[in-house]
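[1] Return a 3D structure for these sequence lines:
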Amino acid sequence: MTKSIAMTDEVCKSVDLGVEVCKSVDIGDEVCSVLDENPCIRMNMSKGLINTRALARYIIRVRKLDSTIDAVISTIRRYELESHEALFEKAYEFISRAITISTKSPLADIALIKDTEIQGLLPELFSLIHYTQGDVLRIIQADEAIKVLVDEKNVEKVKNLFPKDKITKINENLGEVNIHMPEGGEEVLGILVVALNELAINGINVQGTMTCYPEVLWFVKDKDLLKAYNVLYRLMHPKDK
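    Got it, this is the predicted structure:
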């Protein structure tokens, strides 16, 4: 038994049911998927920096499409950029108005089991760590664990406070980049995405982030700290590039 299946790509033929319907797939879905997953491509398309034919060849190659290059080009040209790029442009503009940027290192991230014993000991950290004098003390609670971020010089104090079997991991040699944002950062979409994208493009693996507006904190390995600082500084001062 055969049946003709309507597909978006002209290469689709009548095939036996139960067998692969077509060598191709929905070209529109595949093109949109690639563009949706790549904000850098979208941003450069909106600025006219992308060669559409080269992009079409790239999409055909990475998605293994059985389609003509003209069909993919046509789909790319129908892709709506405005709703995406307005978001990112606003995020870039907002970051460019950031007030200050600073760093701290070396730091260590200590992961603890989350239970009542740890909860009872946590308040003692505030008498051990002199955060009012500039020492770092960041505490993050998740569903299964609690993380404590401190200066490496204070790691032993934390280890001595908590039972050894409650410490699951210690991640040392970390650095922190702190950006002081303008008022209203909580309402701006895409700030973290834009910054994370720029850091990733520059080969920087972000170990974690924390927001406490107006401050946004980025944690990286100490060896990447200067590079991360420079990347984020350039986002704050695009006219200096």
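[2] Can you spell out which helices and strands pack onto the helix or strand where Asn173 lies?
    Taking DSSP states H and E as the definition, one finds Asn173 inside strand 167-180. Under the contact criterion of 3 or more Cβ pairs under 8 Å, 6 or more residues apart in numbering; DSSP states H and E, strand 167-180 touches strand 100-113, strand 145-151, helix 155-161, strand 215-221, helix 225-236. Where you see a C-beta, it was placed from the backbone N, CA and C, and this is true even at glycine.
[3] Which residues does the helix or strand just after it contact?
    Counting by DSSP H and E, the next helix or strand C-terminal to strand 167-180 is helix 191-201. Helix 191-201 has contacts (Cβ atoms under 8 Å, 6 or more residues apart in numbering) with 39-40, 88, 91-92, 94-95, 181, 185, 206, 209, 211, 216, 218, 220, 228, 231-232, 235.
[4] let's see it at 7 Å
    39-40, 88, 91-92, 94-95, 185, 206, 209, 228, 231-232, 235 (Cβ atoms under 7 Å, 6 or more residues apart in numbering).
[5] What of stretch 230-239?
    With Cβ under 7 Å, 6+ apart as the test, stretch 230-239 has contacts from 95-96, 98, 101, 177, 179, 195, 198-199, 202, 204, 241.
[6] What is the most widely separated pair among these?
    Ser96 and Ile204 (19.7 Å; Cβ to Cβ).
[7] quick one: which of the two has more around it?
    Neighbours around Ser96 and Ile204, counted as other Cβ atoms under 10 Å, are more numerous at Ile204. The numbers are 20 against 14.
[8] Torsion angles phi and psi at the more buried one?
    Per-residue torsions, Ile204: phi -100, psi 120 (degrees, to the nearest 10).
[9] And the pLDDT for it?
    pLDDT, Ile204: 97.
[10] wait, what's in contact with it?
    Ile204 neighbours (Cβ under 7 Å, 6+ apart): 220, 224, 227-228, 231.
[11] rewinding a little: now do the strand holding Asn173 and helix 225-236, the angle between them.
    Relative orientation of strand 167-180 and helix 225-236, computed by axes from the mean of the first three to the mean of the last three Cα atoms, to 10 degrees: 40 degrees.
[12] Return the set of buried residues in strand 167-180.
    167, 171, 174-179 (16 or more other Cβ atoms under 10 Å).
[13] if we can go back for a sec, drop anything exposed from the contacts of Ile204.
    For the contacts of Ile204, buried by 16+ other Cβ under 10 Å: 220, 224, 228, 231.
[14] Look up how far Thr52 lies from Asn176.
    Just so we're on the same page, residue 176 is Glu rather than Asn. 42 Å (Cβ to Cβ, to the nearest Å).
[15] My error: substitute Gln119 in the last question.
    Gln119 is 57 Å from Thr52, by Cβ to Cβ.
[16] Also His180?
    His180 is 40 Å from Thr52, by Cβ to Cβ.
[17] What of Ile59?
    With Cβ to Cβ as the criterion, Ile59 and Thr52 are 10 Å apart.
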